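Novice: Curious how this folds, go ahead:
(chains A, B and C)
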Amino acid sequence: MLSNIAIVLFDGFAFGMLLFVLSVGLSVTLGLMNFINLAHGAFGMLGGYVTVLAMRQFGLPFLLALPAAFLAAALVSILVERTLFRRLYNAGELNQVLFTIGMVFVAAAAATWFFGTVQQPIVLPRWLRGSVEVFGLRLGVYRIFIIAMALAITAVLVFGLERTRLGAQIRAAVDNQRVARGLGLDVEKIFGITFALGSGLAGLGGALAIEIVGLDPSFGFHYLVYVLIVVSVGGLGSITGSFVGAALLGIGDVAGKYFVPEIGSFLIYLILVAILLVRPLGLFGRR
Amino acid sequence: MADPASPMLQTEGIRKNFGALEVARDVSISLPRGCRHALIGPNGAGKTTLINLITGQLTADAGRILLDGEDITGRSAAERVTKGLARTFQINTLFPDLTPIEAVTLAVCEREGTAGRFWRDLSAHGETVDESFDILKRLGLADVATRATRTLAYGQQRLLEIALALATRPKVLLLDEPAAGVPKTESAALFGVIEALPEDISVLFIEHDMSIVFRFAASIIVLVGGGVLVQADPETIRTDQRVRDVYLGQANHG
Amino acid sequence: MAATDAAKTIDPHAWLAARSRWSVFEIAFWLATLLPFFLFPTYLTLASQVAIAALFALSVDLILGYAGIVTLGHAMFFGIGAYTAGILSARFGWNDPVSGLLIAGAFAGAIGFIASYLIVRVQHLALIMVTLGLGFLTYELANAMGWLTGGADGLRGVRTGEIFGFFRFDLWGYVGYSYALTVLFLAFLFSRRLVNSSFGLALRGVRENVRRMPAIGSEYRWHLRVIYTISAAMAGLAGAVLTQTTNTVGLNTLSFERSADVVVMLILGGTGRLYGAIVGAIIFMVARDQLAGINPQYWYFWIGLLLMVVVLFMPNGILGFLTRLAGRRD
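Specialist: Residues are numbered from 1 along each chain as shown, chains lettered A, B, ... in the order given. Predicted coordinates for the structure are as follows:
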């Protein structure tokens, strides 16, 4: 029983780390521009399909497909941000929600057109398959890999935000956009860069997710809900918040489905609503 | 409460901190019935904050607020309005898509407690509409009463700010820079409207233009760094050295 | 300002009365809703689906279009109404449609009233997430309570009796469409009166500038609770009519897709104008009927594209776009 709990905690944490990579970009861009981008999950899906293509069509190894997924999602997001999203920054939340939901619909249809509705599996390299025994527990190697990746990304993000010039600018812009503008910061440019990085991370998350949750055209929609929960529970613009929110959701989701499968999802939503009522800005939200 | 000499609005030791920043320091002011007082002070002195604290947009950390002798410290912003404490905003806070007649009628309905009647057509509230139109007429807004607020000239929107406050039938009216952004040539006319308000309303206004302050205020409260520096009649303020130092000096190059 | 002269020419009473007067277009519109009986008798089932969707969209317009409450979970109340009517019949043998309808609406309204206390506490993203969360919550609850709701298989054994003990629901949908249309029309009359009342004015005030409302002495949260309750009840009526005209209830009545679809309909038609909800429902439902047969995925492609176009180029929806084209923008 105890080892069951440990395994569930481990699997849940790995799933949570996956959600963290998928959602942290949205948290930061939402905190920056208050732009509710429901198409964030679609960038994750894009990353997934790019990985599938890169490995199958071009024979790229998995580890090289991951940066390809990141780059593809980042590049497409720059294009979309420049041409479309920019017109909507002052358009009100409802218009943002609807426009980006429309994009998710279109993206799902495009994915169906090119790939059909079937699941797209990938073949992991041999060293990522199977499991290892740690303290008597059999842990999946790939899940360890995901956790390691997510922790590395967290470290890079925290370091980047705290120690680099761009990071300082982003923090200033999240804190108070008017003041940041007054100081002569090009908030649009900062946002463009952040948006590309965040979408790239979503693409990377989509690539990492294939092995765990599968990939089909409904990905953008299905994981949107998880991403939104992470972002709203964690609090906008907070990396710590996203990390904690994602870990909680991942563990809660896996534990709920394992121990109380009948009402697992019910509990997740109940907790979501309860948290938001007590802390409408999320656990780590400041504004 | 019946004593006409008792103050209409009184604050006792109001305090408020934003983190380490003290925005209100033991503010105790008092407005007599029918007064025309001005609140002045350099930028960042906490004038708007004080109004927000009095009207309940912000909650004070300490102190009491009395309206006509009644303690309203714990009341919500809406309850304070119902009890007769109205305000206007420095930056237009209007209903862009509503017409002035609709906006003022809404305010009157809220005062009468009839705003929740979803089963009665608006045109059936005859007397309410009459009263609202009278207010608009008084402020010279009658000919634009049926145009969307966002299409009104800026000066007319400033007047609508006052009209909305008047519709609540205030005992005390706090005007946050009523002439903000209005050309100097028109601001005197706007203050003419304020001067002509019913005599029993106590008025406190924030204004930067000293010539207007000296002309329209019977008493002037000077706020500096969140605290009251001095309160006196215009003649005294004009010659007060401290006021010259902290306020008038700064205003010259501000 | 030559206010005194001009003021005589403006009569606020006449102006307000004109705003709520019935126009020729409106009367023509409602007469046209009778056309399916004569022109498309084979499509009466679709027509009642459209009327139900329009009623649901109308309920969302009241909160979203007039009070500015964004919701992505309103199927919650649609489904509660649908299940109430279904459970009354299948579990308690209560087959009378009119009383069943009213009970379903009242129950959905009661749940809406409770939920409204949560809704008014949050804004922006948190509001969207709370509505979304409550929607999923209800879905999962209905799924878990299979003993009552039939779970994923849907509720079996729903039967609907004659209306007023006289009109029997027929196979071709004559009575079904008449029933749905009547409920829609009555709800529309109610909504029309509501939005033209002082209460409607207060809701528009909340939407236009919520910060000003306390400063004119408004306890606007109470207004929001009232309209949320009314809207929930109306959504419940729509769900109940669906149950009674189809004799089935499934989890799809509570699904996120239904919550999203109804907002899409409303946006397509145009928010805050009542007719936008109805026109949007007509366009959406008829288009889906025509296109979805081909492939549901591509149906969503067109809907997605249409949404993007409407948001970018027609901020007031198709109806707003048309009225502006016609040059009679108020």
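Novice: Residue C:178 - nearest residue in space that isn't next to it in sequence?
Specialist: Nearest-residue entry for residue C:178: residue C:167, 7.6 Å, with adjacent residues in sequence omitted and distances by CB to CB, 6 or more residues apart in numbering or on different chains. From N, CA and C alone the C-beta is placed, and that goes for glycine too.
Novice: which ones are touching that neighbour?
Specialist: Contacts were defined as CB atoms under 8 Å, 6 or more residues apart in numbering or on different chains; by that measure residue C:167 touches C:175, C:178-179.
Novice: Which of the residues you listed scores worst on pLDDT?
Specialist: Checking pLDDT across the contacts of residue C:167, the minimum falls on residue C:175 at 92.
Novice: ok so that residue is a helix residue?
Specialist: Yes: secondary structure of residue C:175, determined by DSSP: H, G, I helix; E, B strand; the rest coil: located in a helix.
Novice: looking at it, it is touching residue C:169, isn't it?
Specialist: Yes: at 5.1 Å, residue C:175 counts as touching residue C:169 under the criterion of CB atoms under 8 Å.
Novice: so which of the contacts of residue C:167 comes closest to residue A:196?
Specialist: For residue A:196, the closest of the contacts of residue C:167 turns out to be residue C:179, at 54.1 Å, with distances computed as CB to CB.
Novice: And what about that closest one, helix, strand or coil?
Specialist: When classified by three-state DSSP, residue C:179 comes out as helix.
Novice: Once you drop chain neighbours, what's closest to residue B:84?
Specialist: residue B:171 (3.6 Å).
Novice: Tell me the confidence at the residue of the stretch 101-250 of chain B found nearest chain A?
Specialist: Among all residues of the stretch 101-250 of chain B, residue B:150 sits closest to chain A, at 15.2 Å; criterion: CB to the nearest CB. Confidence per residue is given as pLDDT, and for residue B:150 that number is 94.
Novice: tally of neighbours for it?
Specialist: Using other CB atoms under 10 Å in any protein chain shown, residue B:150 is surrounded by 13 other residues.
Novice: That one - that's part of a helix, no?
Specialist: Yes: when classified by three-state DSSP, residue B:150 is found to be part of a helix.
Novice: I'd say it and residue B:97 touch.
Specialist: Yes: under the criterion of CB under 8 Å, residue B:150 is in contact with residue B:97, at a separation of 6.9 Å.
Novice: still on that earlier bit, dump the contacts of residue C:167 to a markdown table, plus distance to residue C:190.
Specialist: What follows is those, written out as a markdown table (distance: CB to CB, whole Å):
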| residue | distance to residue C:190 |
| --- | --- |
| C:175 | 23 |
| C:178 | 19 |
| C:179 | 17 |
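Novice: Let me know the closest of those residues to chain B.
Specialist: Nearest to chain B out of the contacts of residue C:167 is residue C:179 (CB to the nearest CB; 24.6 Å).
Novice: Quick check: that closest one vs residue B:177, distance?
Specialist: Taking CB to CB, to the nearest Å as the criterion, residue C:179 is separated from residue B:177 by 59 Å.
Novice: for residue B:235, same thing?
Specialist: Residue B:235 sits 24 Å away from residue B:177, taking CB to CB as the criterion.
Novice: which of those two has more neighbours?
Specialist: residue B:177 (21 against 10).
Novice: Check what pLDDT the nearest residue to the more buried one once chain neighbours are set aside gets.
Specialist: The spatial neighbour of residue B:177 that comes closest, neighbours along the chain excluded (CB to CB, 6+ apart), is residue B:90 at 4.5 Å. Residue B:90 is assigned a pLDDT of 92 by the prediction.
Novice: is any part of stretch A:120-137 close to chain C?
Specialist: No: against chain C, stretch A:120-137 shows no contacts by CB under 8 Å from any CB of the partner chain, the least distance being 15.5 Å.
Novice: err, stretch B:196-207, not the other one
Specialist: No: against chain C, stretch B:196-207 shows no contacts by CB under 8 Å from any CB, the least distance being 14.0 Å.
Novice: And stretch B:117-132, by the same measure?
Specialist: Yes: for stretch B:117-132 and chain C, the contact criterion (CB under 8 Å from any CB) is met by B:117-123, B:125-126, B:128-129, B:132.
Novice: ChimeraX command to pick out the buried ones of those?
Specialist: If you want just the buried ones from the residues of stretch B:117-132 next to chain C in ChimeraX, going by 16 or more other CB atoms under 10 Å in any protein chain shown, the selection is:
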select /B:117,118,121,122,123,125,128,129,132
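Novice: now, which of the residues of stretch B:117-132 next to chain C lie within helices?
Specialist: Among the residues of stretch B:117-132 next to chain C, the members falling in helices are B:126, B:128-129, B:132 (criterion: DSSP state H).
Novice: Going by distance to residue C:110, which of those residues wins?
Specialist: residue B:128 (32.1 Å).
Novice: number of nearby residues for the residue lying closest to that closest one once chain neighbours are set aside?
Specialist: Using CB to CB, 6+ apart and skipping the chain neighbours, the partner closest in space to residue B:128 is residue B:108 (5.1 Å). By the measure other CB under 10 Å, the count of residues near residue B:108 is 27.
Novice: Residue C:39: neighbouring residues, count only.
Specialist: 10.
Novice: Compute the distance between it and residue B:183, please.
Specialist: In this structure, residue C:39 and residue B:183 are separated by 62 Å, where distance is defined by CB to CB.
Novice: Same check on residue A:198?
Specialist: In this structure, residue A:198 lies at 46 Å from residue B:183, with CB to CB as the measure.
Novice: Now for residue 45: which residues touch it?
Specialist: Went with chain A since none was named. Taking CB under 8 Å, 6+ apart as the criterion, residue A:45 is in contact with A:107-108, A:111, A:206, A:215, A:217, A:219-220.
Novice: switch to chain C, that's the one I care about
Specialist: When contacts are counted by CB under 8 Å, 6+ apart, residue C:45 is found next to C:173, C:176-177.
Novice: In CSV: those, plus distance to residue A:258 and pLDDT.
Specialist: Supplementary listing: the contacts of residue C:45 in CSV, determined by distance: CB to CB, whole Å; pLDDT from 0 to 100:
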residue, distance to residue A:258, pLDDT
C:173, 47, 86
C:176, 45, 93
C:177, 48, 95
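Novice: Between those, which sits nearest chain B?
Specialist: In terms of CB to the nearest CB, no member of the contacts of residue C:45 lies closer to chain B than residue C:177, at 28.5 Å.
Novice: Any part of the lowest-mean-pLDDT helix or strand in chain A near chain B?
Specialist: Lowest on mean pLDDT, DSSP states H and E among the helices and strands of chain A sits helix A:177-182, with a mean of 80. No: using CB under 8 Å from any CB as the criterion, no contacts between helix A:177-182 and chain B are found, and the smallest distance is 13.6 Å.
Novice: Enumerate the positions of that helix that are buried.
Specialist: A:177, A:180.
Novice: what helices or strands is it leaning on?
Specialist: helix A:165-175, helix A:187-213 (3 or more CB pairs under 8 Å, 6 or more residues apart in numbering or on different chains; DSSP states H and E).
Novice: For chain C, find the nearest of those.
Specialist: Proximity to chain C, assessed across the helices and strands packed on helix A:177-182 by CB to the nearest CB, is greatest for helix A:165-175 (14.8 Å).
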